[in-house]
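Colleague: structure for the following, please:
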Amino acid sequence: MVQRKDTATPMGAFRRLADIIRAKVNKLLDRVEDPRDSLDLSYEKQVENLQKLRRGVAEVATARKRVELQAAALQQQADKLQGQARQALGQGREDLAREALTRRAALQGELAELHEQHEQISAQEQRLVETAGRVQSQVEAFRTKKETLKATYTAAEAQTRIGEAVAGISDSMGDAGAIMQRAQDKIADMQARAGAIDELLASGALTDLSTSTDDIQAQLDKVAAASTVDRELAALRAELGGAPAPAGLPSAPPAGADTAAAPGAPSVPSPASDQAEVTP
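Modeller: Numbers count the residues shown, from 1 in each chain. Model (predicted):
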C-alpha cells in the first residue's frame, strides 16, 4: 500500500503541474488573443466549409448528369433494337427479331436501375442545395455580426486607450503640481533664510566677512547715520512749523517774514530789543 501511495504521489504532482501550466498558457493566450483576428479566422473556416459543400453539390450534379447520359445511351440502343426486331419480322426472320427483343429487355432492366439511381442522386442533390443555401445564409449573417463586433471592439479599444491617456495626463499633472509646490516651498524657505541673514547682519549678530569694516566701525556708522537722519528731520519740522532747529543748524525765518532788508533802508529795532533797553 505504501509503494502504491509513493508511486501515485509523483503522478498527482505531475498532473497538478500540468494543470497549472495549462492554466498559465490559457491566460497568456487570452491576453495575447485579439478577438478581431479570432472572428476573421472563424469566418474563413465557415467560408471554407461552404466551398466544400458547394463542391459536393457540384460532384453530385455531375454524377446525376452522368447517369442521365448513360440512360440516354441505353434508350437509344433499346430503340435501335426495337427497330431491328420490326425489320427482322418484316423479312421473315423471327429468330433475329426475338434476339433483338431479348437484348432490348435486358437494356430495359438497366434503364430501370439507372432511373432509380437518377432519382436518388437528384434527391441527394436537392438536399445538398438546400443545405448549401442555409449555410450560405448563416455565413452571411455571421459576417455581418463579425463586422459589427469588430467595430464595437475597435471603438471600445480606442475608448480604453483614450481613458488610459487621460489617466496618464492626470497623473503627470499631479506629479507636476507636486513638483511645483515643492519648488515654491524651497523658494519661500530660501527667501526666509536670506531675510533672516540680512537682519542678523544689520543687527550685528553676524559679521559680514565680505567687508573689511569691524564691528566698532559698524556701530559708529550706524550712530552717524541716525544723527544725520535726526538733523534732516528737525530741519524739515523747522521749515513747516517754525520750531527751533537743533544746535549747529541755522534757525529758519518765520513764514511771511522778509529774509533780507532792502538796500539803503534803516534798520528797525525789534520790540524785544527796545524793552530790553528801557528796563533799568
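Colleague: how about residue 98: what's its closest non-neighbour residue?
Modeller: Leaving aside its sequence neighbours, residue 98 sits nearest to residue 85 (C-beta to C-beta, 6 or more residues apart in numbering; 7.8 Å). C-beta here means a position set from N, CA and C on the backbone, and glycine is covered the same way.
Colleague: which of the helices or strands spans that neighbour?
Modeller: Per DSSP states H and E, residue 85 falls inside helix 35-90.
Colleague: and the next helix or strand past that helix?
Modeller: According to DSSP H and E, the helix or strand after helix 35-90 is helix 94-203.
Colleague: below-threshold pLDDT in the stretch 51-200 of the chain: ranges please.
Modeller: 169-174 (pLDDT under 70).
Colleague: repeat that for 50
Modeller: The stretch 51-200 of the chain contains no residues with pLDDT under 50.
Colleague: buried residues in the helix or strand harbouring residue 240?
Modeller: Element membership for residue 240 (DSSP H and E) is helix 215-241. Buried positions in helix 215-241, judged by neighbour count with 16 or more other C-beta atoms under 10 Å: 235, 238.
Colleague: relative to helix 94-203, how tilted is that helix?
Modeller: Angle, helix 215-241 to helix 94-203, by axes from the mean of the first three to the mean of the last three C-alpha atoms, to 10 degrees: 80 degrees.
Colleague: show me what helix 215-241 is packed up against.
Modeller: Packing partners of helix 215-241 (3 or more C-beta pairs under 8 Å, 6 or more residues apart in numbering; DSSP states H and E): none among the helices and strands.
Colleague: go ahead and confirm the residue nearest to residue 98 touches residue 101.
Modeller: Yes. Contact criterion C-beta atoms under 8 Å: residue 85 and residue 101 qualify, at 4.9 Å.
Colleague: between these two, tell me which one has more neighbours.
Modeller: residue 85 (21 against 16; other C-beta atoms under 10 Å).
Colleague: state the distance from the more buried one to residue 157.
Modeller: 82 Å (C-beta to C-beta, to the nearest Å).
Colleague: swap in residue 79?
Modeller: Residue 79 sits 73 Å away from residue 157, going by C-beta to C-beta.
Colleague: number of nearby residues for residue 67?
Modeller: By other C-beta under 10 Å, 20 other residues sit near residue 67.
Colleague: mind listing what it touches?
Modeller: Residues near residue 67 by C-beta atoms under 8 Å, 6 or more residues apart in numbering: 114, 117, 118, 121.
Colleague: pick the one among those closest to residue 178.
Modeller: Minimum distance to residue 178 across the contacts of residue 67 is 82.5 Å, recorded for residue 121 (C-beta to C-beta).
Colleague: residue closest to the middle of the protein?
Modeller: In the chain, the C-alpha nearest the mean C-alpha coordinate belongs to residue 161, at 1.7 Å (C-alpha atoms, centre = their mean).
Colleague: tally of neighbours for the residue nearest to residue 70 when sequence neighbours are not counted?
Modeller: Spatially, and ignoring its direct neighbours in sequence, residue 70 is nearest to residue 114 (5.7 Å; C-beta to C-beta, 6+ apart). Counted with other C-beta under 10 Å, residues neighbouring residue 114 total 20.
Colleague: how near is residue 114 to residue 74?
Modeller: According to C-beta to C-beta, residue 114 stands 7 Å off from residue 74.
Colleague: what do you get for residue 119?
Modeller: Distance, residue 119 to residue 74, by C-beta to C-beta: 16 Å.
Colleague: mind checking which of these two has more residues around it?
Modeller: Each of residue 119 and residue 74 has its neighbours counted (other C-beta under 10 Å); residue 74 has more, 18 against 12.
Colleague: wait, the more buried one sits on residue 106?
Modeller: No. The criterion here is C-beta under 8 Å, and residue 74 misses it with residue 106 at 9.8 Å.
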